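Participant: quick one, structure for this:
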Amino acid sequence: MLRTIALLMRSALALSSDASGSHAKQNAGLPIQTAKSETATKALNVLAEGFHSAITHPFVAVIREAETYSELTKLDIYLPKLDEEFFKSNIVVAAFLGERNTGGYSVEITREANGDTRISEKAPGKGVMVPQMVTSPFKMVSVPLGGARPVLLSLDSTWRQRTRPYRVTGGRFTMSGGFAGTAEQFGLEGEIRILRENSLVTFVFGIFRSGPEKKRSLIDFTTGVVNADGHLTINKMSADSFVDAPNSGLKVSGAFSSGGSKISLGFNSLPSMVADGYQGEGTLEAELVASESKP
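Facilitator: Numbers count the residues shown, from 1 in each chain. Down below sits the predicted model:
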């Protein structure tokens, strides 16, 4: 179990998302930032990239629908506009490096041979002359990945160090449906890692069915919206193997409490048009492993 969670946090602290957009800014001493309309590299379509974002802390967002994406554009108004039609067949991954004291830094998002998507920081080489100005590099891509498939990302230490680990302390999940009308209930165990930037909070789920029965997992990387009171909503995420196929994924609501050291979540399946599809619902409680500051 611990090895599985560790593997998740190596990779998923990995992924997939096509569109066009623009994030063009010009800064003295730096190349002009231009949007990438159809620039694709191994199924990754670059939507925007540059050296100056209004988001100045390391953050990664994985977004499956327009409502949450609109929250991201409130944090950086120069990101491209995307509508609900776009999200029917794409997922957005946006990576923000945070502030750097000079130019020469950038964000790389690449697909690996095993299918993982890696997000990494590219630093200037030793002795390379760079512009002497504060920068905040970013990159945003889409991958054609419709439906409710899990998303996995491989993050380097720049982003991993900002995640906060929460250990699952309790919870139950019920999966039901199908042609025969089956039902299955099980307990939960595992870990969640959380990365927050203002009104957005990104979850790295590494949750598993407890006990020796059939193994089920909820391994996914997804972003939701949190308000000033600590209440949060994830409008769409994968159900992974918690819910048999076909299913439409999950919606999550919940809240932080005790100064951010605890979190409670409620899971419910999104509506499905498939008559013999499967649904799931459940609850989960988790507690911060090492509390430093409010999430």
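Participant: can you list the weak-confidence ranges in this structure?
Facilitator: Within the chain, the ranges that satisfy pLDDT under 70 run 1-42, 115, 146-147, 291-295.
Participant: domain-wise, how is it divided?
Facilitator: Taking automatic domain parsing as the reference, the chain has its domains at 9-160, 163-288.
Participant: take those and write them to a markdown table, including mean neighbour count.
Facilitator: No exception for glycine: its C-beta is placed from N, CA and C like everyone else's. Written out in a markdown table, the entries for the domains of the chain read as follows (neighbours: other C-beta atoms under 10 Å):
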| stretch | mean neighbour count |
| --- | --- |
| domain 9-160 | 18 |
| domain 163-288 | 18 |
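Participant: now residue 145: how far from residue 257?
Facilitator: 33 Å (C-beta to C-beta, to the nearest Å).
Participant: let me fix that, I meant to ask about residue 106.
Facilitator: As for residue 106, its distance to residue 257 is 38 Å (criterion: C-beta to C-beta).
Participant: stretch 203-219 spans what distance, first to last residue?
Facilitator: 10 Å (C-alpha to C-alpha, to the nearest Å).
Participant: ah, wrong one, I meant stretch 204-220
Facilitator: Per C-alpha to C-alpha, the first residue of stretch 204-220 is 6 Å away from its last.
Participant: cool, and stretch 143-163?
Facilitator: Termini of stretch 143-163 sit 24 Å apart (C-alpha to C-alpha).
Participant: residue 96 contacts residue 51, doesn't it?
Facilitator: No. Using C-beta atoms under 8 Å, residue 96 makes no contact with residue 51, being 11.6 Å away.
Participant: quick check: neighbours shared by these two?
Facilitator: With contacts defined as C-beta atoms under 8 Å, 6 or more residues apart in numbering, the residues shared by residue 96 and residue 51 are 136-137.
Participant: can you pull up the bridge partners for residue 59?
Facilitator: Partner residues in beta bridges with residue 59, using DSSP bridges, are residue 96.
Participant: my read is that it contacts residue 201, right?
Facilitator: No. The pair residue 59 and residue 201 fails to qualify as a contact (C-beta under 8 Å) at a distance of 9.9 Å.
Participant: list residues touching both of the two?
Facilitator: Overlap between the contact sets of residue 59 and residue 201, as judged by C-beta under 8 Å, 6+ apart, is given by residue 195.
Participant: now do the contacts for the closest residue to residue 227 other than its chain neighbours.
Facilitator: Counting by C-beta to C-beta, 6 or more residues apart in numbering, residue 227 lies nearest to residue 199, which is 7.1 Å off, once chain neighbours are set aside. Contacts here follow C-beta under 8 Å, 6+ apart; on that basis residue 199 touches 71, 74-75, 225-227.
Participant: also residue 192?
Facilitator: Residues in contact with residue 192, defined by C-beta under 8 Å, 6+ apart, are 165-166, 168, 203-207, 263, 286.
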